[in-house]
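S.K.: Predicted model follows, preceded by the sequence.
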Amino acid sequence: MMFSKIFQTDNSNTTIIIRLMVGAVFISEGMQKFLFANKLGAGRFAKIGLPNPDFLGTFVGSFEIVCGTLVLIGLFTRLAAMPLLTIMLVAIATTKAQLLADNGFWSMLHDSRTDWSMLLGSIFLIIKGGGNWSLDKKIANQKWK
C-alpha cells in the first residue's frame, strides 16, 4: 500500500506545464554539465570551492538528466523532484548567497530567477505529483482501482 502513495497524484490537467518547465530545464542543465564541463560542470564547481568537482559535476549532471526526464514523463514524479529540490537548495546557497553579498538584493534576485523557478517548481511537484497526464496517474489507475 505504501508503494501506491508514490504514484498518487491529483487530477489536474495543467500540472504538465510545470512538469515540462522543470523537466526540460533540468535535462538541459544536466547535459550542459557534460558538454561544457569547464564552464558549467566540474570547472564551475571547482571555481566556487566545492570538494571533488570532477565527481560532483558528473553526479549532479547525471541526476539532473535522469530526474528531469522522470519529471518530464511524469514517472515517479514526487521522488524525482526531491533530488532536484536538493540541487536547487545547494545551488542557491553556494552561488546566490555570494551574489547577495557582492551585488545586493535586487541583483541577486535577477541572477537567480531560474533557480527560484526550479526550486518552487520542484516543491510544487513534490506536493501535487505528476498530474492527470502522467505515467504516475496511469499506473495508479491500473494497479489500485
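M.R.: Cool, the structure landed. Numbers count the residues shown, from 1 in each chain.

S.K.: buried sites along stretch 43-53?
M.R.: 44-46, 50, 53 (16 or more other Cβ atoms under 10 Å). All C-beta atoms are positioned from the backbone trio N, CA, C, and that covers glycine.

S.K.: out of these, which are inside helices?
M.R.: 44-46, 53 (DSSP state H).

S.K.: What is the nearest of those to residue 4?
M.R.: residue 45 (38.2 Å; Cβ to Cβ).

S.K.: which residue packs closest to the closest one, ignoring adjacent ones?
M.R.: residue 53 (3.7 Å; Cβ to Cβ, 6 or more residues apart in numbering).

S.K.: Spit out the contact partners of that neighbour.
M.R.: 42-46 (Cβ atoms under 8 Å, 6 or more residues apart in numbering).

S.K.: Save the buried residues of stretch 43-53 as a markdown table, and put in distance to residue 89 too.
M.R.: As requested, the buried residues of stretch 43-53 are exported to a markdown table (distance: Cβ to Cβ, whole Å):
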| residue | distance to residue 89 |
| --- | --- |
| 44 | 17 |
| 45 | 16 |
| 46 | 20 |
| 50 | 14 |
| 53 | 19 |
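
S.K.: Farthest-apart pair in these, please.
M.R.: 44 and 50 (8.8 Å).

S.K.: how close does the residue nearest to residue 45 get to residue 7?
M.R.: Separation of residue 53 from residue 7 (Cβ to Cβ, to the nearest Å): 36 Å.

S.K.: Where does pLDDT dip in this structure?
M.R.: 1-3, 143-145 (pLDDT under 70).

S.K.: Spell out the residue ranges of the helices in it.
M.R.: Going by DSSP H, the chain shows helices at 2-7, 15-35, 37-40, 42-47, 53-73, 77-91, 97-103, 105-111, 113-128, 135-143.

S.K.: then stretch 34-42 to PDB, C-alphas only?
M.R.: Extracted C-alpha coordinates of stretch 34-42, given in PDB (Å, rounded to 0.1, in the frame of the first residue of the first chain):
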ATOM      1  CA  PHE A  34      28.900  17.300 -19.600                       C
ATOM      2  CA  LEU A  35      29.100  19.400 -22.800                       C
ATOM      3  CA  PHE A  36      30.700  22.400 -21.200                       C
ATOM      4  CA  ALA A  37      32.300  20.800 -18.200                       C
ATOM      5  CA  ASN A  38      35.000  23.500 -17.700                       C
ATOM      6  CA  LYS A  39      32.400  26.300 -17.600                       C
ATOM      7  CA  LEU A  40      29.200  24.700 -16.200                       C
ATOM      8  CA  GLY A  41      30.200  21.300 -14.700                       C
ATOM      9  CA  ALA A  42      33.400  20.400 -12.800                       C
END
